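S.K.: Turn this into a model:
(chains A and B)
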Amino acid sequence: MTDQGADAPVLDAPILDASGVSKRFGSVIALRDASLRLMKGEVVALMGANGAGKSTFVKILTGALRPDSGHVRIRGREARVGSPAEARRSGLVPVYQEPSLIPDLDVSDNLRLGDTPVAAFRDRVDQLGIPDLRLDALIRDLPLATLRIVDLARALAADPAVVLLDEMTAALPTDLVERVLRVMRAEADGGRSVIYISHRFTEVSALCDRASVLRDGVTVGDLKIAPGVEEKVVELMLGQAMDLTSITRARAAAAAAGTPQIRVKRLASGPKLTDVSFDLHKGEVLGVVALEGQGQDELFDVLAGARKATGGMVEVKGAPMSFRHPADAIAAGLNLVPGNRAGALLMSRSVRENIALPLIAHPSHWGAIAMREEAERVAGAIARLQIDTRAQGEVRRLSGGNQQKVTIARWIASGVDTLLLFDPTRGIDVRTKRQIYPLVRELAAQGASVLYYTSELAEVRLACDRVVVIFGGKVVGAIDAADADEPTLMRLAYGLAGVPA
Amino acid sequence: MKRFVVQNGWTIGLAVLLGLLLIVTKLIQPDFGLSGLDSLGRASLPFALATLGMAVVVIAGGIDLSLASLMAVCSVTAAVLMDGRGEVAAVPIVLGVLVLGACLGAVNGSLIVVSRVPDIVVTLAMMFVWDGTALLILNAPGGGAADWLRGLIVGGVVPKSFIFLAVVALGVWLPIRRSKLGLMLYALGSDAQAAFRSGVPVKTTKIASYAIAGLFAAFGGMAVTMSTGIGEPIPGPYLLASVAAVVLGGVSLTGGKGGLLGPVLAVFILRLVRLDLTLLAVDPNVTVIIEGVIMIGVVMLGGVLALRGQRT
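M.R.: This next block holds a predicted model:
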């Protein structure tokens, strides 16, 4: 009987047990008391608003950082890991937000680099839905969605005790997301433990057993996933109850009257964008909804002057325009906030410089900078957007949500006619999202026009007045935001139903 | 087959260009033959060895501005030690100098890893350090070299200098390219962050890349001593020439791309262009201008061809 007594705790022992983890960077405390327990075959969601310390905790779990105090035990052994390679050996394999594959090597060389068994990798890739992947394909030639699948398959092929998925599904099309969730569920049922990080509640509730919530560097809750748990999680993340429907919208009343701010007529560019027309009025927020790769990237690029139209035309306040350079578009009042934050910000410069750049980036403004005016405008924008400026010396050190706020703040500081927002809430936590919607409404109320592409259908009703749906490079529907419930948008986006434009 | 041509298009193009240049040379100078090739090979040898070292470092995402100075240190060390000693004593001396080159290269790499100062800054500083070191060892050209060393690179039915280069290049690079270290060098140069996350020991790999460059630099320094019979404390024009050949040879300065064959072909192309212009009695000052124009032209043409390839 003593045998049983000795065995039982080992069986119940968590695979991964982190507790009391703290970490500070200079004067900034990133983590105070973070903890996470993971049993065999369990899927735990690690959740937290941006800036809650999630990224730091992940880095400590994966061995990229050492904690100041606390411990991380994997399979009962103290994991004083010093590098991702060591973490891997101890049984924890992470799949990061950006794929960690070598762009100039082909798939099989990448596998060789990490000693990944090829046969197991092949199986995983087939399971995950890319059976025709060539092992001699160069990584840099593969699309992003494929890379994420390759990264995941590589992680699973190493047969780790724990996999950590960090925003794995952010750039995946819907069918692949479903595949990933299905495969991960099967993995968990087969005894693998999973740490799942995502801002998408639907995925978390579909896949996870528990949710561990981090706020201000402290683990504040560990909840079982059950119907209705979302509100509880949001509450824990925000530290207060938040009403989902509290966002009110002041609609632009006479929006449809007069000359539109932007009129797009039968616009075409490249093979993907073939025939898109719409009007965007002053004070209006026009949503754009489309599945991945339906021409929305090209549409925004043309409007921002980064790409030439091959057909159709763009009118600004009734005058036809053609942009040869983003500076032309900016001069005409069209300002782009791109989906990829890194492409818009000077990562190693300060928050202030990033916000002030459009103020001074015009040749007629070369020369002395009006320091005081600039400082006032920048400070105003920072205050208005509630940007967390603890790490303002370098934008790269801000959290993703705060970086996104900076990209919007720069256009607010310089005054804006037309804002082109391309998926501004991608990979951002709920709290920051809730700050961005009213801000968009406020801008519209002040007379700005906003074109708002979003990959989250629920956002349309929260932020937009009208919405156009693009499928196969064409507008397949234009409806009032009030009627734009998710099933309707989904059907349109898949090209299923024809609603007259 | 088609895939092979596409993947190695740049190198094949360089080989064709080299062939054309040889024909042009023969046309300009009808008696250009074995002895011409022999002297071309010998003159190109230090350039080619420096280029091999530079290519390895650049592939791994770095750059070594101290390479030519390192060659000088190795050249004078070998010449001073061999001076007045016998033919047999030269064997351990040569081996010792090769090890020394690798160690000094590893010093460069370690300084970069430990100080976290960018490669270009550290190796620029080390260029001055090695310059001074070479002059301390030997303050004017001098010393000696064993006769058998000269015999390794002079004459031959196929010029021995080419064989020497091929043996050194393949002997050092092939085992590396075929092992995981080779993959790691490319991984590091391609994306250091992704390499780290894939489990590549990035610091060790960086140091290794500089050590390999140091080894090639030692061979290069030895080549100088072998062909002249003395040590040369002032570095030759090998540094910028090697960067030029690396770029022309299809190695991306941002790292991760290219091989060693392209850069070596580029060395011979650049040397042949110079030879032809000299044979045509072009003003030497104009010669260097033409060399520069050719480099820009070829690299630009490569960019245009790559773009075309993507479109089709």
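
S.K.: and chain A, which residues reach chain B?
M.R.: When proximity is defined by Cβ under 8 Å from any Cβ of the partner chain, chain A lies next to chain B at A:83-85, A:88, A:94, A:96, A:99-105, A:109-110, A:112-114, A:136. Every C-beta, even on glycine, is put in place using the N, C-alpha and C of the backbone.

S.K.: which stretches of the stretch 401-501 of chain A have low pLDDT?
M.R.: For the stretch 401-501 of chain A, applying pLDDT under 70 flags the ranges A:496-501.

S.K.: can you give me the helices for it?
M.R.: Per DSSP state H, counting those that start in this stretch, the stretch 401-501 of chain A carries helices over the ranges A:430-445, A:459-463, A:486-493.

S.K.: Out of these, which one sits most buried?
M.R.: Of all the helices of the stretch 401-501 of chain A, helix A:459-463 has the most neighbours on average by mean count of other Cβ atoms under 10 Å in any protein chain shown, namely a mean of 23.

S.K.: Show me how far that helix is from its chain's centre.
M.R.: Distance of helix A:459-463 from its chain centroid, counting by Cα atoms, centre = their mean, to the nearest Å, is 17 Å.

S.K.: got it, and stretch B:51-64?
M.R.: The answer for stretch B:51-64 is 9 Å, by Cα atoms, centre = their mean.

S.K.: Any residue of it touching chain A?
M.R.: No. Shown here: stretch B:51-64 not in contact with chain A (Cβ under 8 Å from any Cβ), separated by at least 9.3 Å.

S.K.: Please export the C-alpha coordinates of that stretch as PDB.
M.R.: Extracted in PDB, the C-alpha atoms of stretch B:51-64 (Å, rounded to 0.1, in the frame of the first residue of the first chain):
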ATOM      1  CA  THR B  51      37.200  36.500 -49.900                       C
ATOM      2  CA  LEU B  52      36.400  33.000 -48.600                       C
ATOM      3  CA  GLY B  53      36.800  34.200 -45.100                       C
ATOM      4  CA  MET B  54      34.800  37.300 -45.700                       C
ATOM      5  CA  ALA B  55      32.000  35.300 -47.400                       C
ATOM      6  CA  VAL B  56      31.700  33.000 -44.400                       C
ATOM      7  CA  VAL B  57      31.300  35.900 -41.900                       C
ATOM      8  CA  VAL B  58      28.900  37.700 -44.200                       C
ATOM      9  CA  ILE B  59      26.700  34.600 -44.700                       C
ATOM     10  CA  ALA B  60      26.500  34.400 -40.900                       C
ATOM     11  CA  GLY B  61      25.300  38.000 -40.700                       C
ATOM     12  CA  GLY B  62      28.500  39.700 -39.800                       C
ATOM     13  CA  ILE B  63      31.400  41.500 -41.500                       C
ATOM     14  CA  ASP B  64      35.100  41.400 -40.700                       C
END
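
S.K.: Which helix or which strand is home to residue A:14?
M.R.: According to DSSP states H and E, residue A:14 maps onto no helix or strand at all.

S.K.: May I have the phi/psi pair for it?
M.R.: Here is the backbone geometry of residue A:14 (degrees, to the nearest 10): phi -70, psi 150.

S.K.: How much space separates the residue lying closest to it once chain neighbours are set aside from residue B:67?
M.R.: Of all residues not flanking residue A:14 in the chain, residue A:37 sits nearest, at 4.7 Å (Cβ to Cβ, 6 or more residues apart in numbering or on different chains). The gap separating residue A:37 from residue B:67 is 54 Å, by Cβ to Cβ, to the nearest Å.

S.K.: list the buried ones in stretch B:275-290?
M.R.: Neighbour-count burial for stretch B:275-290 flags B:275, B:276, B:277, B:287 (criterion: 16 or more other Cβ atoms under 10 Å in any protein chain shown).

S.K.: will you turn the helices of the stretch 401-501 of chain A into a markdown table that also has distance to residue A:151?
M.R.: As requested, these are exported to a markdown table (distance: least, Cβ to Cβ, whole Å):
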| stretch | distance to residue A:151 |
| --- | --- |
| helix A:430-445 | 26 |
| helix A:459-463 | 28 |
| helix A:486-493 | 27 |
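
S.K.: Contact partners for the nearest residue to residue B:65 once chain neighbours are set aside?
M.R.: Nearest residue to residue B:65, sequence neighbours excluded (Cβ to Cβ, 6+ apart): residue B:123, at 4.2 Å. By Cβ atoms under 8 Å, 6 or more residues apart in numbering or on different chains, the residues touching residue B:123 are B:62, B:63, B:64, B:65, B:66, B:67, B:108, B:112.

S.K.: could you measure the last one against residue B:189, distance?
M.R.: Read it as residue B:112. Counting by Cβ to Cβ, the gap from residue B:112 to residue B:189 is 14 Å.

S.K.: Same question for residue A:303.
M.R.: From residue A:303 over to residue B:189 the distance is 37 Å, taken as Cβ to Cβ.

S.K.: Next one, pLDDT for residue B:180 please.
M.R.: Looking at residue B:180, its pLDDT is 91.

S.K.: How about the one 10 residues further on?
M.R.: Note on residue B:190: pLDDT of 92.

S.K.: my guess is it contacts residue B:255, does it?
M.R.: Yes. The criterion here is Cβ atoms under 8 Å, and residue B:190 meets it with residue B:255 at 6.4 Å.

S.K.: burial count for residue A:40?
M.R.: If you count neighbours by other Cβ atoms under 10 Å in any protein chain shown, residue A:40 ends up with 17.

S.K.: what's the next secondary structure element after the lowest-mean-pLDDT helix or strand in chain B?
M.R.: Within chain B, confidence by mean pLDDT, DSSP states H and E is lowest for helix B:2-7 among all helices and strands, at a mean of 69. Scanning forward in sequence from helix B:2-7 by DSSP H and E, the next helix or strand is helix B:9-28.

S.K.: Give me the packing partners of that following helix, helices and strands only.
M.R.: Applying 3 or more Cβ pairs under 8 Å, 6 or more residues apart in numbering or on different chains; DSSP states H and E, we find helix B:9-28 packed against helix B:261-279, helix B:284-311.

S.K.: hmm, try it at 6 Å
M.R.: Applying 3 or more Cβ pairs under 6 Å, 6 or more residues apart in numbering or on different chains; DSSP states H and E, one finds that helix B:9-28 contacts helix B:261-279.

S.K.: Pull up the gap between the spatially most central residue of chain B and residue B:271, please.
M.R.: Compute the mean C-alpha point of chain B, and by Cα atoms, centre = their mean the closest residue is residue B:51, 1.8 Å away. The gap separating residue B:51 from residue B:271 is 11 Å, by Cβ to Cβ.

S.K.: Same check on residue A:123?
M.R.: Relative to residue B:271, residue A:123 is positioned 53 Å away (Cβ to Cβ).

S.K.: neighbour count winner among the two?
M.R.: For residue A:123 versus residue B:271, the count of surrounding residues by other Cβ under 10 Å is larger for residue B:271: 19 against 14.

S.K.: ok, residue A:37 and residue B:67, which is more surrounded?
M.R.: residue B:67 (31 against 17).

S.K.: Quick one: residues contacting that one.
M.R.: B:50, B:53, B:54, B:217, B:239 (Cβ atoms under 6 Å, 6 or more residues apart in numbering or on different chains).

S.K.: how far out from the middle of the chain is stretch A:291-304?
M.R.: Here stretch A:291-304 shows a centroid-to-chain-centroid distance of 18 Å under the convention Cα atoms, centre = their mean.

S.K.: Extract the C-alpha trace of that stretch and format it as CSV.
M.R.: Taking Å, rounded to 0.1, in the frame of the first residue of the first chain, the C-alpha atoms of stretch A:291-304 are listed here in CSV:
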residue,chain,number,x,y,z
LEU,A,291,-12.1,37.2,-45.8
GLU,A,292,-8.3,37.0,-46.1
GLY,A,293,-7.0,38.0,-49.5
GLN,A,294,-10.1,39.3,-51.2
GLY,A,295,-8.5,42.5,-52.3
GLN,A,296,-8.8,44.6,-49.2
ASP,A,297,-5.0,44.9,-48.8
GLU,A,298,-4.8,46.3,-52.4
LEU,A,299,-7.8,48.6,-51.7
PHE,A,300,-6.1,50.2,-48.7
ASP,A,301,-2.7,50.4,-50.4
VAL,A,302,-4.2,52.2,-53.4
LEU,A,303,-6.0,54.7,-51.1
ALA,A,304,-2.8,55.2,-49.1
